[in-house]
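1. I would like the atomic coordinates for the input below:
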Amino acid sequence: MATFQTITTDKKQYLPLLLLADPCEAMIDRYLETGEMHVIKAGDAAVCEAVVLPLSETACELKNIATDPQFQGQGHATRLMKTLFKLYAARFQTMYVGTTPTGAAFYARFGFEPSHTVVGFFIDNYPDPIYENGERCTDMLYFKKELR
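-> Numbers count the residues shown, from 1 in each chain. As a prediction, this is how the structure comes out:
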């Protein structure tokens, strides 16, 4: 049975999962300690994680979400997303998420709509090029979801 937990200490123990969604540890370090981390565990193993960063009184940003490859396709990320929406609707009006074109469809499934684009984000902020489906990632696409 999978359980939901909020992680407040030793967040770096989940680095292998975090790196699945964000391949640069230095970038993860920019939001991990100030972000709020949540995991879904199957027994003692973390199978899915998310980090949400408060941005203002009314908005937060989903900075990282990833599922261990051997547990993908089992609904863990969907359950985690739905739990996050309920949890953060009590505190924030809007949730943002930045992603690549490959990730856009995942967030659209949950009602996220296009917000804005940060041109050159992956080129300006990552030391090594990031490729998805053979294409170099250059711009960060932001989406938003009204939580209430």
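2. show me the contacts for the nearest residue to Lys12 once chain neighbours are set aside.
-> Computed as CB to CB, 6 or more residues apart in numbering, the closest residue to Lys12 that is not its neighbour in sequence is Leu32, at 7.2 Å. C-betas here are computed from N, CA, C, even on glycine. By CB atoms under 8 Å, 6 or more residues apart in numbering, the contact set of Leu32 is Lys11, Lys12, Leu18, Val51.
3. which of the residues you listed count as buried?
-> With burial judged by 16 or more other CB atoms under 10 Å, the buried subset of the contacts of Leu32 is Lys11, Leu18, Val51.
4. Turn those residues into a markdown table, columns for distance to Asn125, pLDDT and secondary structure.
-> Output for those, formatted as a markdown table (distance: CB to CB, whole Å; pLDDT from 0 to 100; DSSP: H, G, I helix; E, B strand; the rest coil):
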| residue | distance to Asn125 | pLDDT | secondary structure |
| --- | --- | --- | --- |
| Lys11 | 21 | 98 | helix |
| Leu18 | 16 | 98 | helix |
| Val51 | 17 | 98 | strand |
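5. how far away is the residue positioned nearest the centre of the chain from Asn125?
-> By CA atoms, centre = their mean, the mean C-alpha position of the chain lies nearest to Asn64, the distance being 2.3 Å. Asn64 is 14 Å from Asn125, where distance means CB to CB, to the nearest Å.
6. do His76 as well
-> In terms of CB to CB, His76 sits 28 Å off from Asn125.
7. So for these two, which sits in the more crowded spot?
-> Legend: neighbour count by other CB atoms under 10 Å for His76 and Asn125, higher for His76 (20 against 13).
8. What are the neighbouring residues in contact with that one?
-> Per CB under 8 Å, 6+ apart, neighbours of His76: Ala2, Ile40, Val47, Cys48, Thr67.
9. same deal with Leu62?
-> Ala50, Val51, Val52, Leu84, Met95, Tyr96, Val97.
10. got it, and Gln70?
-> Taking CB under 8 Å, 6+ apart, one finds nothing in contact with Gln70.
11. how about it, secondary structure?
-> helix (DSSP: H, G, I helix; E, B strand; the rest coil).
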